[in-house]
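K.L.:
coordinates only, no sequence provided:
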């Protein structure tokens, strides 16, 4: 299979693109959504055009951006392979199940 871009609708009825490698693995995704498939397709053309000459820059560890609340949550989910562990406080009365805040 050849590497290819796919343009697809997302859950918010917007359009996004993703780049698939020859083995079908997703190697890049759009960082934003677009209002139409035409706009998403245009974005893939921009990526193709500007990435041809883009240098690779390796950042020093201290230059790494601070993780956001979202990236920390995603890291925890990845570490748990999609399972999220929650801490449930013990109930003072053994007959009453503990309350769980979702």
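P.N.:
Noted; the coordinates are in hand. Here the structure is a predicted model, which is why all the values come from computation and not from measurement.
K.L.:
measure the nearest residue to residue 12 once chain neighbours are set aside to residue 15 for me?
P.N.:
Using Cβ to Cβ, 6 or more residues apart in numbering and skipping the chain neighbours, the partner closest in space to residue 12 is residue 33 (6.6 Å). The way it works is simple: take the backbone N, C-alpha and C, and place the C-beta from them, glycine included. Noted for residue 33: a distance of 6 Å to residue 15, by Cβ to Cβ, to the nearest Å.
K.L.:
okay, the two: which has more neighbours?
P.N.:
Neighbour totals were compared for residue 33 and residue 15, and residue 15 leads with 20 against 16 (other Cβ atoms under 10 Å).
K.L.:
list the contacts for that one?
P.N.:
By Cβ atoms under 8 Å, 6 or more residues apart in numbering, the contact set of residue 15 is 7-9, 33-37, 39-40.
K.L.:
re the thing from before, make sure the residue nearest to residue 12 is actually in contact with residue 11.
P.N.:
No: contact criterion Cβ atoms under 8 Å: residue 33 and residue 11 do not qualify, at 9.8 Å.
K.L.:
just to revisit the earlier point, from the contacts of residue 15, list just the buried residues.
P.N.:
Buried by 16 or more other Cβ atoms under 10 Å: 7, 33-34, 40, out of the contacts of residue 15.
K.L.:
which SS state does residue 41 fall under?
P.N.:
With DSSP: H, G, I helix; E, B strand; the rest coil as the basis, the three-state label of residue 41 is helix.
K.L.:
what residues are up against the closest residue to residue 6 other than its chain neighbours?
P.N.:
Nearest non-adjacent residue to residue 6, counting by Cβ to Cβ, 6+ apart: residue 18, 5.3 Å away. Applying Cβ under 8 Å, 6+ apart to residue 18 gives the contacts 5-6, 8, 26, 28-30.
K.L.:
beta partners for residue 18?
P.N.:
On the basis of DSSP bridges, residue 18 is bridged to residue 6, residue 29.
K.L.:
which residue ranges form the strands in this protein?
P.N.:
Counting by DSSP state E, the chain has these strands, from start to end: 4-9, 15-20, 26-29.
K.L.:
could I get these as JSON lines with distance to residue 54 and mean pLDDT?
P.N.:
Shown next, in JSON lines, are the strands of the chain (distance: least, Cβ to Cβ, whole Å; pLDDT from 0 to 100):
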{"stretch": "strand 4-9", "distance to residue 54": "16", "mean pLDDT": "96"}
{"stretch": "strand 15-20", "distance to residue 54": "14", "mean pLDDT": "96"}
{"stretch": "strand 26-29", "distance to residue 54": "12", "mean pLDDT": "94"}
